[in-house]
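Asks: got a predicted model here, sequence first, then my questions.
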Amino acid sequence: MKRLIVLGALVALPLCAAVATADTVPDAVKFDNGAVAQSLTGVAGDPADGLKVATTRPMGNCIACHVAAGWAKFADPGDIGPALDGVGSKYTEAQLRGIVANAKMTFPDTLMPSFYKTSGFIRPGDGYTAKAPTGPIQPILTAQQVEDVVAFLMTFK
Amino acid sequence: MMKLRKQATAMMALGLLALSVGGMARAADPDPGVDLVINGDTKLVTRVPAPANIPGLKEVYSGWLFHDPTTQAMETDDFSNPAMLAVDAGNAAWSTVMGTEGKSCASCHNGIDSMKGVRASMPKVNKAGKLWSLEDYINDCVTNRMGAKALGWNSNEMSGLTSAISMQSRGMPVDVATDGAAAPFWKEGEKLYYTRTGLLELSCASCHEMHFGDHVRDERLSQGQINGFPVYRLKTTNMVSIHNRFYGCVRDTRAESYKEGTDPLRELELYVASRGNGLSIEGVSVRP
């Protein structure tokens, strides 16, 4: 049994690496009228992981600015942006992927942060350390986290 | 809808839309009918029409108006105001000798009431043409006139002195100069105020001009005024300087922040102070 798990891990490793290199890098994401048709990873998003991303501060922290029935069990949502109920019907998956990856492609000058972007920033920091990043800038969300949030938003009917 | 937005952006560039943003976007007055009266006798001005050179706001509001009644009440009675401990410490330091010259502040300035009005005009351009904050003026005396080591910008010694000096201007209107020698610094500060920094790409205006009265999670956004500083923050249970507050707000945009006591924050301080010209200096205040 133990050996089987180890074997499984060995097999999974190269697979993981393949997935990581297959991710579309932020600068290569193609926007069409704000929408992004192609999955950033090719791996279906997980709505449960999406909930975590949406309600956790170092991640998406969508709850800081949006009310939504989807995270009603968490206290004190912010109200800088509109309530998100119904966005799964209002928008296509491609449109939501575009809004989460870089909302400025849909709503020019919006206050909503661009979650899958690595260039064009003024005084970018290293998370909330107040310091400059030591290496290349990482997007706020990974490609898979974007897919997870989009899958979660698609359940907001 | 997209077209409307583009138009709005163009108007914003012309400064047209900006005028209506402050007044229209939300019920403007954050706490209608409520006034700040301290110790039952000192009524402070917490709302005034916006200065002419601040087109983004119609009326300006003290941060005091935005918070819950319990927090508000702590500031209406000096006995329950935790910031008064800093004032007491500052008053004691005022007449305490320090440094190689054997002097205290009082040796040259006499009573601390000689500082009346000083806080209300800070920051201001010094004789050498540099923009200085109150902390810079204090440290100039500490190092060059008293022969002591400069006080840390965020130290208890400094916040004691700024608190005690600020109290001498309680009830006086914020009155910083934005013209003449101050003009170029003010312009720089204005630029910084509207610059969207960090990975979140937010400017001071994104939160404090376009969304005052709204919430970031559980925090209710004020206009980010500085007439109440130095502030006792209940969240961190300590006195917070103007620059320290700015530092934290810039950091929270996931940006490389500016250090306390640097020129960008002095310029921002001048600009933000001018957005509150006419509001009362509160002396010391209490915020969540």
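Replies: In hand now; what should we look at? Please read all numbers here as calculations on a predicted model, not as lab measurements.
Asks: so after the lowest-mean-pLDDT helix or strand in chain A, what's the next helix or strand?
Replies: The weakest-scoring helix or strand in chain A, judged by mean pLDDT, DSSP states H and E, is helix A:2-22 (a mean of 46). Beyond helix A:2-22 on the C-terminal side, the first helix or strand identified by DSSP states H and E is helix A:47-55.
Asks: show residues contacting stretch B:164-172.
Replies: Stretch B:164-172 is contacted by residues B:38, B:42, B:44, B:86-87, B:89-91, B:93-94, B:112-113, B:115-120, B:134, B:138, B:229-230, B:280-284 when judged by C-beta atoms under 8 Å, 6 or more residues apart in numbering or on different chains. All C-beta atoms are positioned from the backbone trio N, CA, C, and that covers glycine.
Asks: and with 7 Å instead?
Replies: For stretch B:164-172, contacts defined as C-beta atoms under 7 Å, 6 or more residues apart in numbering or on different chains pick out B:42, B:44, B:87, B:90-91, B:94, B:112-113, B:115-120, B:134, B:230, B:280-284.
Asks: now it: mean pLDDT?
Replies: Over the span of stretch B:164-172, the pLDDT mean works out to 98.
Asks: got it, and stretch B:267-277?
Replies: Across stretch B:267-277, pLDDT averages out at 98.
Asks: what about the residue nearest to residue B:232 when sequence neighbours are not counted, how many neighbours?
Replies: Spatial nearest neighbour of residue B:232, excluding adjacent residues (C-beta to C-beta, 6 or more residues apart in numbering or on different chains): residue B:83 at 3.8 Å. When neighbours are defined as other C-beta atoms under 10 Å in any protein chain shown, residue B:83 has 27 of them.
Asks: contact partners for residue B:83?
Replies: B:163, B:230, B:232, B:239, B:284, B:285, B:286.
Asks: for it, give its distance to chain A.
Replies: Using C-beta to the nearest C-beta, to the nearest Å, residue B:83 is found at 25 Å from chain A.
Asks: for the stretch 1-150 of chain B, which segments count as strands?
Replies: Listed in chain order, the strands of the stretch 1-150 of chain B (DSSP state E, counting those that start in this stretch) span B:36-38, B:42-44, B:47-49, B:59-61, B:124-125, B:131-132.
Asks: buried set for the third one?
Replies: Think strand B:47-49. By 16 or more other C-beta atoms under 10 Å in any protein chain shown, the buried positions in strand B:47-49 come out as B:47, B:48.
Asks: and stretch A:40-57, how far from the chain's centre?
Replies: 7 Å (C-alpha atoms, centre = their mean, to the nearest Å).
Asks: next, the distance between the ends of that stretch.
Replies: Distance between the two ends of stretch A:40-57: 22 Å, counting by C-alpha to C-alpha, to the nearest Å.
Asks: list of residues touching that stretch?
Replies: Outside of stretch A:40-57, the residues within contact range by C-beta under 7 Å, 6+ apart are A:19, A:22-24, A:29, A:59-60, A:62-63, A:70-71, A:74, A:141, A:143-152, A:155.
Asks: out of those residues, name the ones that lie in helices.
Replies: Counting by DSSP state H, the part of these found in helices is A:19, A:22, A:143, A:144, A:145, A:146, A:147, A:148, A:149, A:150, A:151, A:152.
Asks: any chance of those residues in JSON lines, with neighbour count too?
Replies: Shown next, in JSON lines, are those (neighbours: other C-beta atoms under 10 Å in any protein chain shown):
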{"residue": "A:19", "neighbour count": "14"}
{"residue": "A:22", "neighbour count": "13"}
{"residue": "A:143", "neighbour count": "23"}
{"residue": "A:144", "neighbour count": "20"}
{"residue": "A:145", "neighbour count": "25"}
{"residue": "A:146", "neighbour count": "30"}
{"residue": "A:147", "neighbour count": "27"}
{"residue": "A:148", "neighbour count": "28"}
{"residue": "A:149", "neighbour count": "28"}
{"residue": "A:150", "neighbour count": "26"}
{"residue": "A:151", "neighbour count": "20"}
{"residue": "A:152", "neighbour count": "27"}
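Asks: quick check: the farthest pair among those residues?
Replies: A:22 and A:152 (22.1 Å; C-beta to C-beta).
Asks: domains for chain B, by residue range?
Replies: B:30-80+B:173-287, B:84-167 (automatic domain parsing).
Asks: which of those is buried the deepest?
Replies: Ranked by mean neighbour count under mean count of other C-beta atoms under 10 Å in any protein chain shown, the domains of chain B are led by domain B:30-80+B:173-287, which reaches a mean of 19.
Asks: distance between the ends of it?
Replies: 15 Å.
Asks: do stretch B:90-107 as well
Replies: For stretch B:90-107, the first-to-last residue distance is 15 Å (C-alpha to C-alpha).
Asks: the stretch 51-200 of chain B: helices as residue ranges?
Replies: B:69-75, B:84-94, B:105-109, B:134-140, B:156-167, B:183-193 (DSSP state H, counting those that start in this stretch).
Asks: make a markdown table from the contacts of residue B:83 and add secondary structure to it.
Replies: Below are these laid out as a markdown table (DSSP: H, G, I helix; E, B strand; the rest coil):
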| residue | secondary structure |
| --- | --- |
| B:163 | helix |
| B:230 | coil |
| B:232 | strand |
| B:239 | strand |
| B:284 | coil |
| B:285 | strand |
| B:286 | strand |
